[in-house]
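> Okay, structure incoming, though there's no sequence with it:
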């Protein structure tokens, strides 16, 4: 049974009732974010063992009870992070529990970040068309092709969940998949923190003093502007231009003429605010040191750690990056308390060897 583009509250109530009967449900979302800061939720697809529901999130402006049902449910996703982000933005809630089939697939030997279509083909023997990947999901009415595509995005999730659970059970890795899935079901991942904006520009971590403070303050300003106007960050100010502003000597009487990438419109609207930020950056910038770089000893240790990860990944028949990427190993060496390698199944695999290497 398929329920497409539900608009009446009584229909939503029936869907809510159906959801609450299930031990777990499959869920996917379709959204648009190319022209906005916040993703615009357009469609929510739900699959139970007997039904598929496609809920029009644009026409249904009151989904409070629906989201409450989701928050009490165990939900199956494929590549859950973006779906969870848009769900949290729209409801301020997350599911009670999640299982990510992409994570589980990696843990039983499939390639990292395998697509939904590829996993469906490998586990269920079905070939999906995936012809609507760039569709305009805000457009109404939705075409038959779009509805069919949306339906397929949840149609095989429950079946794949069952197959993957069986594989995980045989390998004694169910707890691994549960641990990694749970790490995504954390509302702190989807809350805005302007202080984290500086991490979006890789080159900024090697800056220091006044310049780094200027980049940091400009990024916070841009983030707030983007949220206020609900526009993509790059539409407010491009990364490259932002860094150039921070590294250029601009004073109170400057006309920004040295920075060709800045439009007259931007200068007219934001000149005073930007100059005020740059003036602030010149005051007490000692709290903005450059990121510590690895010394030669740490680089050698990191090389040995990477070799060890490759070795154990082969014995487990999983990709090395599923255990730890190069970035994750570096984090372990530089800021150990922030690394996921110090807890759970990864700790059990690596702790003894890593302690040996680090002394």
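Done, it's in. This one's a predicted model, so the numbers in the text were calculated from it and none came from an experiment.

> could you show me where the strands are in this structure, in order?
Under the criterion DSSP state E, strands of the chain are mapped to 2-4, 25-32, 40-47, 52-56, 74-77, 97-100.

> Show me what the last one is packed up against.
What that stands for is strand 97-100. strand 74-77, helix 174-184 (3 or more Cβ pairs under 8 Å, 6 or more residues apart in numbering; DSSP states H and E). (Glycine included, C-beta is placed from N, CA and C.)

> contact partners of that strand?
24, 73-80, 84, 161, 177-178, 180-182, 184-185 (Cβ atoms under 8 Å, 6 or more residues apart in numbering).

> quick revisit: would you mind finding the most buried of the helices and strands packed on strand 97-100?
Ranked by mean neighbour count under mean count of other Cβ atoms under 10 Å, the helices and strands packed on strand 97-100 are led by strand 74-77, which reaches a mean of 24.

> So what's the model's average confidence on that one?
Strand 74-77 carries an average pLDDT of 98.

> what does it rub up against?
23-28, 83-84, 95-101, 157-158, 161.

> partners of that strand in the sheet?
Applying DSSP bridges to the sheet, strand 74-77 is found paired with strand 25-32 (parallel), strand 97-100 (parallel).

> I'd like those written out as CSV, with distance to residue 60 and mean neighbour count added.
Shown next, in CSV, are the strands paired with strand 74-77 (distance: least, Cβ to Cβ, whole Å; neighbours: other Cβ atoms under 10 Å):
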stretch, distance to residue 60, mean neighbour count
strand 25-32, 13, 23
strand 97-100, 23, 22
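
> just so I know, which of those lies nearest residue 216?
Between residue 216 and those, the shortest gap by Cβ to Cβ is with strand 25-32, which sits at 29.8 Å.

> from the chain's centre, how far out does that closest one sit?
In terms of Cα atoms, centre = their mean, to the nearest Å, the centre of strand 25-32 is found 14 Å from the chain centre.

> And the average pLDDT for that strand is what?
The predicted model assigns strand 25-32 a mean pLDDT of 97.

> who's in contact with it?
Contacts for strand 25-32 (Cβ under 8 Å, 6+ apart): 19, 39-48, 57, 70, 73-78, 82-83, 86-87, 95, 135-138, 150, 153-154, 157-158, 161.

> now do stretch 324-337
Outside stretch 324-337, the residues that reach it (Cβ under 8 Å, 6+ apart) are 292, 294, 298, 301-302, 305-306, 309, 338-342, 346, 350, 354, 358.
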